[in-house]
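Enquirer: no sequence on this one, just coordinates:
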């Protein structure tokens, strides 16, 4: 599907996105959906491919794209530098750091074992 909602007004576009999600759930099929709207990709896609100049830069789930972007283009496109923007779609586990990498002392701070 090549930008099927691109020429629609915002209200109709939102309604059709919701219908698309219902249909996708019922069909259980892979659908390739092309859009220039990253928010639409995040809403409708399971896995998202980021392309620039005809080259595939990165493919992954929302969490992977936001937390581990492949390059500066992906950072800017998905808003990785603004992680709080994605609070409605990220899970706490996506932004947690492994506890075994840190020590916490009573009355002291947190020490990063990797950098000490």
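Expert: Looks like it arrived, so ask away. Remember, it's a predicted structure, so these values are computed and weren't measured experimentally.
Enquirer: quick one, strands of the chain?
Expert: 48-52, 55-60, 102-104, 110-112 (DSSP state E).
Enquirer: out of those, which gets the lowest mean score?
Expert: Across those, strand 110-112 has the smallest mean pLDDT, namely a mean of 55.
Enquirer: residue 30: neighbour count?
Expert: 8 (other CB atoms under 10 Å). Any C-beta I mention is one placed from the backbone N, CA and C, and that applies to glycine too.
Enquirer: got the buried residues for the longest helix along the chain?
Expert: Of all segments of type helix in the chain, defined using DSSP state H, the longest is helix 10-27. Neighbour-count burial for helix 10-27, counted by 16 or more other CB atoms under 10 Å, picks out 13, 20, 24.
Enquirer: give me phi/psi at residue 53?
Expert: Dihedral angles of residue 53 (phi, psi; degrees, to the nearest 10) stand at phi 50, psi 40.
Enquirer: for it, give me its contacts.
Expert: Applying CB atoms under 8 Å, 6 or more residues apart in numbering to residue 53 gives no contacts.
Enquirer: do the same with residue 64
Expert: Per CB under 8 Å, 6+ apart, neighbours of residue 64: residue 58.
Enquirer: with residue 36 instead?
Expert: 3, 6.
Enquirer: which of the buried residues of helix 10-27 lies closest to residue 43?
Expert: residue 20 (9.3 Å; CB to CB).
Enquirer: out of everything not next to it in sequence, what's closest to that closest one?
Expert: Take residue 20 and drop its neighbours on the chain: the residue closest to it by CB to CB, 6 or more residues apart in numbering is residue 44, 6.1 Å away.
Enquirer: now the one you found: how far from residue 21?
Expert: Separation of residue 44 from residue 21 (CB to CB, to the nearest Å): 7 Å.
Enquirer: kindly report the same for residue 60.
Expert: For residue 60, the distance to residue 21 (CB to CB) stands at 20 Å.
Enquirer: mind showing which ranges of this structure have poor pLDDT?
Expert: 80-116 (pLDDT under 70).
Enquirer: now do the contacts for the nearest residue to residue 71 once chain neighbours are set aside.
Expert: Of all residues not flanking residue 71 in the chain, residue 57 sits nearest, at 6.3 Å (CB to CB, 6+ apart). Going by CB under 8 Å, 6+ apart, residue 57 touches 50-51, 70-71, 73-74.
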